[in-house]
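Q: This is a predicted model, with the sequence first.
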Amino acid sequence: MKTSDVIRAILKVSGWNQSRLADHLGVTQPTVSRWMKGSEPNGAQFQAIQELYREVASTPSSSQQVSTDNGIPNLDIHAGLGNGGMGHIEVDPDTMRPLPQYTDGDWNMPPAFMSRFGNIKGVFAFVVTGDSMTPTIKGGSAVFVDTKQNYPSPPGLFVIDTGDGRLVKRVELIPRSEDIRIISDNKEYSTYEFNREDVHIFGRVIAVFSWNE
C-alpha cells in the first residue's frame, strides 16, 4: 500500500481527523495533508505510520464492525442551505451519539451500504432546507455528516456556522492565507471568504439521501 492509502485507512478505521493524526505522529496537519496527496514521509515517520496502521487495524473497533453494530442517529432538527437552524446538540462523550431527546430514530441499512460510511461513531443525519446548494443538495434532503472530519482539506461539503446558524456549504482553504472560502452551489447566491477562526466546522457531509420528484 502507498503511504497515502495507509493514512486513509488509519483515518477511516480510527475515526480520527487529520489534526489528531498529526498530533499523534508529532507533525503538522498540512504535513499529513501532503502525505495524502502523494508526498512521502522520512524513514522514522514512515515507520511510525506503519506501526499505527497495524495497531488500529487489529483493534476490535474496526470500521466494518462499528458500522454494522448500530444505526446512524437522525437528529430531530434541520440545518439550512440558506439561513440555518440546528441549535445546540448534547452528545454522549463515550459513544458520540446525541442524547435521545435530540433524535427521532436511527438510519439502518444493509451491511454493504453501512460499510461505505466507515466508522459511524460521530456520524449524524438530518434534513436540510433551502435552495442555496441546488442542484447538489435539494431542500428536504437528508444529509449524513461525519463530525470527526472537521478540517476542509480536501475541500468539500461541510456543516458550518459563521454566526448565522448552522449551514451546509462547500468549503475550501485559500492557499497561503488564513482564510477559507464558503461557496453555495446555486449560482444565485454569493461566495464569501472568512478568517478560519471565525468559522466553526461541525463535520463533513459524506452522503445525501433525496427523493426523486
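A: That came through fine. Only a predicted model underlies this, so the values are computations on that prediction, with no experimental measurement involved.
Q: Please count neighbours and contacts with C-alpha atoms only from this point.
A: Will do.
Q: Do me a favour and get the end-to-end distance for stretch 174-193?
A: Distance between the two ends of stretch 174-193: 9 Å, counting by CA to CA, to the nearest Å.
Q: Likewise for stretch 108-121?
A: From its first residue to its last, stretch 108-121 covers 14 Å (CA to CA).
Q: Residue 41: neighbouring residues, count only.
A: Number of residues near residue 41 (other CA atoms under 10 Å) recorded here: 16.
Q: Could you list the low-pLDDT ranges of this structure?
A: Flagging of the chain using pLDDT under 70 yields the residue ranges 1, 58-70, 77-88, 213.
Q: Tell me where this protein has strands.
A: 72-80, 103-107, 123-129, 142-146, 156-161, 166-173, 179-183, 192-195, 200-209 (DSSP state E).
Q: Please convert the ones you listed to CSV, extending it with distance to residue 45.
A: Converted to CSV, the strands of the chain look like this (distance: least, CA to CA, whole Å):
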stretch, distance to residue 45
strand 72-80, 35
strand 103-107, 39
strand 123-129, 30
strand 142-146, 27
strand 156-161, 28
strand 166-173, 26
strand 179-183, 29
strand 192-195, 31
strand 200-209, 27
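Q: For residue 39, which of the ones you listed is the nearest?
A: Closest approach to residue 39 among the strands of the chain is made by strand 166-173 (19.0 Å; CA to CA).
Q: Throw the strands of the chain into a markdown table and include distance to residue 9 and mean neighbour count, thanks.
A: Formatted as a markdown table, the strands of the chain follow (distance: least, CA to CA, whole Å; neighbours: other CA atoms under 10 Å):
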| stretch | distance to residue 9 | mean neighbour count |
| --- | --- | --- |
| strand 72-80 | 21 | 21 |
| strand 103-107 | 24 | 14 |
| strand 123-129 | 17 | 23 |
| strand 142-146 | 16 | 24 |
| strand 156-161 | 19 | 22 |
| strand 166-173 | 23 | 24 |
| strand 179-183 | 27 | 19 |
| strand 192-195 | 31 | 13 |
| strand 200-209 | 16 | 19 |
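Q: do you know which of those strands lies nearest residue 95?
A: strand 123-129 (10.7 Å).
Q: now the angle from that closest one to strand 142-146?
A: Interaxial angle, strand 123-129 versus strand 142-146 (axes from the mean of the first three to the mean of the last three CA atoms, to 10 degrees): 140 degrees.
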